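Asks: Just the structure for this:
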Amino acid sequence: PDSVSPGKMSLAPKTSRTKDTRGTLSQNCPKKFHLNTEPRHVPPSGLEDGDKYRVVFVTSGEFSFGQSTPIQSFNDFVTNAALQSPSSVISALSSEWTAIVSTTSTHAKTNTATDVSHDADLPVYNVAGQRIAHSYYELWSNSLGYPININESGGGHFAFHDVYTSTSTAGNYIKWSYSASFDTTTIRYGSTAMYNGEWVQGAKLFAGDIRSSTLSAQLYGLSAPITFHDSAAVPEPGPLALGTSSLLALGLVCYRRRRARERKPTDPGRS
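Replies: Numbering: from 1, shown residues only. Next up, the predicted model:
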């Protein structure tokens, strides 16, 4: 072996290494380049600045109810889901939410202000920004653009659940029906898996006469009208901005003329 002088260190021979950085991210990479996979509300596409629309969702939790539960209790439940849920991504959209449900005294189309005969027509979107219906007429029909299967947290896309509505495809109340012959009670539920009329008017059978019982199920919630604001839209300049621009332009012209006169050579014959 080679000898080493006192007080000196032997150095290992250098070897050439190539670090494979494929598929890796530098720890110094700015955070803005990191992917955001958190659930969020996706703004609707195809709308112009100032357009109005509404958002519909299915609650992630279940509500306990009976045939005589007042409509306000349903509205309070979907409102709390939209505004109070820690994981809600729609809380900033609207402070008013109503349940797509009918009671003995209130039709769903009346409760949600989606009556095609007198309510101002608006498109309805889900939390993912997909258009559920172009209008209230299409909402209360047998054909939706997408099933209503996304909850207030932006999840639940592929989960199929029964949703209590007690409502027809026309938006009207359908009472709980008991058949003594079959000893069954039929209650109208919707399905988060359906595009057709069964999104709201499916049939669910229960053994026995349960018309005085308490049940629990998920609900559909619908926002009040929301005004769309296009972040890419550039507002037209107001009178003050136009006046300021004109003054600046005039000042620039005067400045250039003065500089031109100062640089113009003097004629000796005129001195």
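
Asks: Could you give the number of residues near residue 181?
Replies: Applying other Cβ atoms under 10 Å, we find 5 residues neighbouring residue 181. C-betas here are computed from N, CA, C, even on glycine.

Asks: check which helix or strand covers it.
Replies: For residue 181, there is no enclosing helix or strand under DSSP states H and E.

Asks: what sits against it?
Replies: Not one residue lies near residue 181 by Cβ atoms under 8 Å, 6 or more residues apart in numbering.

Asks: separation between it and residue 130?
Replies: From residue 181 across to residue 130, the span is 43 Å (Cβ to Cβ, to the nearest Å).

Asks: With residue 150 instead?
Replies: Residue 150 sits 8 Å away from residue 130, going by Cβ to Cβ.

Asks: For the closest residue to residue 109 other than its chain neighbours, report the pLDDT, please.
Replies: Nearest non-adjacent residue to residue 109, counting by Cβ to Cβ, 6 or more residues apart in numbering: residue 171, 3.0 Å away. The model reports residue 171 with a pLDDT of 97.

Asks: can you give me the strands for the stretch 151-271 of the chain?
Replies: Per DSSP state E, counting those that start in this stretch, the stretch 151-271 of the chain carries strands over the ranges 162-164, 177-179, 184-191, 202-207, 215-217, 220-223, 226-227.

Asks: what ranges of the stretch 1-150 of the chain fall below the confidence cut-off?
Replies: Residue ranges of the stretch 1-150 of the chain with pLDDT under 70: 1-40.

Asks: hey, where'd the strands end up in it?
Replies: Ranges of strands in the stretch 1-150 of the chain, per DSSP E, counting those that start in this stretch, are 52-58, 63-65, 97-99, 124-125, 131-133.

Asks: Just put the ones you listed in TSV and tack on distance to residue 116 and mean neighbour count.
Replies: TSV is the format used below for the strands of the stretch 1-150 of the chain (distance: least, Cβ to Cβ, whole Å; neighbours: other Cβ atoms under 10 Å):
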stretch	distance to residue 116	mean neighbour count
strand 52-58	14	22
strand 63-65	27	17
strand 97-99	16	25
strand 124-125	13	26
strand 131-133	11	21
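
Asks: I'd like these laid out as TSV, including distance to residue 83.
Replies: Below are the strands of the stretch 1-150 of the chain laid out as TSV (distance: least, Cβ to Cβ, whole Å):
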stretch	distance to residue 83
strand 52-58	12
strand 63-65	15
strand 97-99	8
strand 124-125	18
strand 131-133	21
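
Asks: Can you say which of those is nearest to residue 188?
Replies: For residue 188, the closest of the strands of the stretch 1-150 of the chain is strand 63-65, at 13.0 Å, according to Cβ to Cβ.

Asks: Give me the sheet partners of the closest one and which way each runs.
Replies: Sheet pairing of strand 63-65 (DSSP bridges) gives strand 215-217 (antiparallel).

Asks: List the buried residues of the strand it pairs with.
Replies: 215, 217 (16 or more other Cβ atoms under 10 Å).

Asks: closest to residue 90 out of the strands of the stretch 1-150 of the chain?
Replies: Nearest to residue 90, of all the strands of the stretch 1-150 of the chain, is strand 52-58, at 6.2 Å by Cβ to Cβ.
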